[in-house]
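>>> got a predicted structure here, sequence first:
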Amino acid sequence: MTHFCYFFDIVLLSSSFKDCANAASGMAVHDDCKLKFLELKAKRTYRFIVYKIEEKQKQVVVEKLGEPAQSYEDFSASLPADECRYAVYDFDFVTEENCQKSRIFFIAWSPDTARVRSKMIYASSKDRFKRELDGIQVELQATDPTEMGLDVINSRAR
């Protein structure tokens, strides 16, 4: 009987640690986040996706989807000037060998003017969220629009 109780205590303890680890690593990820990302990656249904953390629901959700014809300027204009966001952008470019290619960028947008609490939540949730999106090729962290300008994107894609 002692062994069973000891085992039971370990199971309870380990599930508590798991809950604490999930809480520390960030928010839950809504299934739609992964689904839309897969559509962007496999079918090229979207040019970009902007993700937002809903603090009350404690989860990351899709905030905006960019149509395939939308430009990089449309994408950057969809990021709020004073709030944090995660975003994915499918960048098309032509190599020096004249080959058409694309790279999927993950952008952690954390402007200097955002609330400190928001910056902390986004920073602590980023790695866990990014792991949910299989196929990210380049990561950028930006606190200012110049840190994610088209010239930066272009140079990082190659």
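Arrived safely, thanks for sending. It should be emphasised that the depicted structure is a prediction, and the values quoted were computed from it without experimental measurement.
>>> hmm, who's touching stretch 147-155?
Applying C-beta atoms under 8 Å, 6 or more residues apart in numbering, the external contacts of stretch 147-155 come out as 72, 76, 89, 91, 93, 105, 107, 109, 140, 141, 142, 146. No exception for glycine: its C-beta is placed from N, CA and C like everyone else's.
>>> repeat that for 7 Å
72, 76, 91, 93, 105, 107, 140, 142 (C-beta atoms under 7 Å, 6 or more residues apart in numbering).
>>> stretch 69-76 too?
For stretch 69-76, using C-beta under 7 Å, 6+ apart, the contacting residues are 47, 48, 66, 89, 145, 148, 150, 153.
>>> measure residue 131 to residue 98 for me?
To residue 98, residue 131 is 35 Å away according to C-beta to C-beta, to the nearest Å.
>>> ok, the two, which is more surrounded?
residue 131 (11 against 6; other C-beta atoms under 10 Å).
>>> now the contacts of stretch 69-76 in TSV, with neighbour count, distance to residue 33 and pLDDT?
Formatted as TSV, these follow (neighbours: other C-beta atoms under 10 Å; distance: C-beta to C-beta, whole Å; pLDDT from 0 to 100):
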residue	neighbour count	distance to residue 33	pLDDT
47	21	17	98
48	26	13	98
66	21	15	98
89	23	15	98
145	14	24	94
148	24	20	96
150	13	25	95
153	20	22	96
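>>> in the residues you listed, find the pair that's most separated.
Pairwise distances across these (C-beta to C-beta) peak at 17.9 Å, for the pair 47 and 145.
>>> and residue 39, how many residues sit next to it?
Residues lying near residue 39 (other C-beta under 10 Å) number 14.
>>> the closest residue in space to it that isn't next to it in sequence in helix, strand or coil?
Of all residues not flanking residue 39 in the chain, residue 45 sits nearest, at 4.2 Å (C-beta to C-beta, 6 or more residues apart in numbering). Secondary structure for residue 45, judged by DSSP: H, G, I helix; E, B strand; the rest coil, is coil.
>>> check what pLDDT the most centrally placed residue in the chain gets.
Nearest to the mean C-alpha position of the chain, counting by C-alpha atoms, centre = their mean, stands residue 86 at 4.3 Å. According to the prediction, residue 86 has pLDDT 98.
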